[in-house]
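**Q** got a structure for you, letters missing:
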């Protein structure tokens, strides 16, 4: 898996690794790697990002660790079910979200109990049974811990208040959000067409000094939380807008950069995005594609704009990936 990482001289590697761990930014799901001169320490979106502000960083591919294997020690399941146990899950604040095979459903509460025992920061375990409604929010059943879906999620020094049953949010995009924020130049005008509770918008506003970020979402719950998160994080240059991005984006001054994070239907809004960006501007288009079809998709998009980069964000299924295509307009 690709991740941001700190580049440390070998002699200082363990000291820096421990400090990053103490500051809450070390990624424990990825293995530290090294070459003859340097140690490469994967870092994530939580904790105090000042911990590596003065250190050299880059992006590399890392081997994943079975980071939740320890919860299995608290389970006593039939041998034929053990291979079905999940090896990953989403963590949003103190809510742990899992998916289970049908054969494990009778044991769901035992599995939740094991997770709560293995992870002291887990307060809620929620079973993800799919998405529902116009806003593609998760359909969740609480199977362990406190009966709630509202939480506070920390990412790159920002705090996000949200209810994961009412708004869309993916913690797996933390590194991708940082990648985009680092590309933004001072004074840019940005449209975040599907902003949700503001993870792209607020990180950009905090770190990149844009002129303005227009944060649009059609979900009233998302906008309510976005407004609250702007206050919590003391952000001043984000303008929340409730409504359909297809109607609102064209009404704004043309942007230097547009973020289109609506993977299942972003292509439906491509013309709106292209019409709302300045010549020479950038569109970050997120979509899900089969691995063997992304080259053909890139070729088709090259007819509308220049595809500068194809970023693999994360695996979506055994044959599919979430991609970000960075488009440069003419």
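**A** Looks like it came in fine. These numbers were taken from a predicted model, which means no experiment stands behind them.

**Q** In this structure, which residue is most central in space?
**A** Per Cα atoms, centre = their mean, the C-alpha nearest to the average position across the chain is that of residue 173, at 1.8 Å.

**Q** Report the secondary structure element holding residue 322.
**A** Using DSSP states H and E, the secondary-structure element containing residue 322 is strand 320-328.

**Q** other SSEs contacting that strand?
**A** strand 277-290, helix 294-301, strand 306-317 (3 or more Cβ pairs under 8 Å, 6 or more residues apart in numbering; DSSP states H and E). For every residue, glycine as well, the C-beta is placed using N, CA and C.

**Q** and among those, the most buried is which?
**A** For those, ranked by mean neighbour count under the definition mean count of other Cβ atoms under 10 Å, the leader is strand 277-290 at a mean of 19.

**Q** Could you name the helices and strands sitting against it?
**A** In terms of contacts (3+ Cβ pairs under 8 Å, 6+ apart), strand 277-290 is packed against strand 255-260, helix 270-275, helix 294-301, strand 306-317, strand 320-328.

**Q** For the strand holding residue 322, list every residue counted as buried.
**A** Going by neighbour count (16 or more other Cβ atoms under 10 Å), the buried part of strand 320-328 is 321-327.

**Q** how far does stretch 31-48 sit from the chain's center?
**A** If you compare the mean C-alpha spot of stretch 31-48 with that of the full chain, they lie 19 Å apart, counting by Cα atoms, centre = their mean, to the nearest Å.

**Q** will you turn the helices and strands packed on strand 277-290 into TSV that also has distance to residue 206 and mean pLDDT?
**A** Rendered in TSV, the data for the helices and strands packed on strand 277-290 read as follows (distance: least, Cβ to Cβ, whole Å; pLDDT from 0 to 100):
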stretch	distance to residue 206	mean pLDDT
strand 255-260	15	98
helix 270-275	24	96
helix 294-301	30	89
strand 306-317	21	90
strand 320-328	20	94
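
**Q** Serialize these to a markdown table and add fields for distance to residue 1.
**A** Conversion of the helices and strands packed on strand 277-290 to a markdown table gives the following (distance: least, Cβ to Cβ, whole Å):
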| stretch | distance to residue 1 |
| --- | --- |
| strand 255-260 | 22 |
| helix 270-275 | 28 |
| helix 294-301 | 18 |
| strand 306-317 | 7 |
| strand 320-328 | 12 |
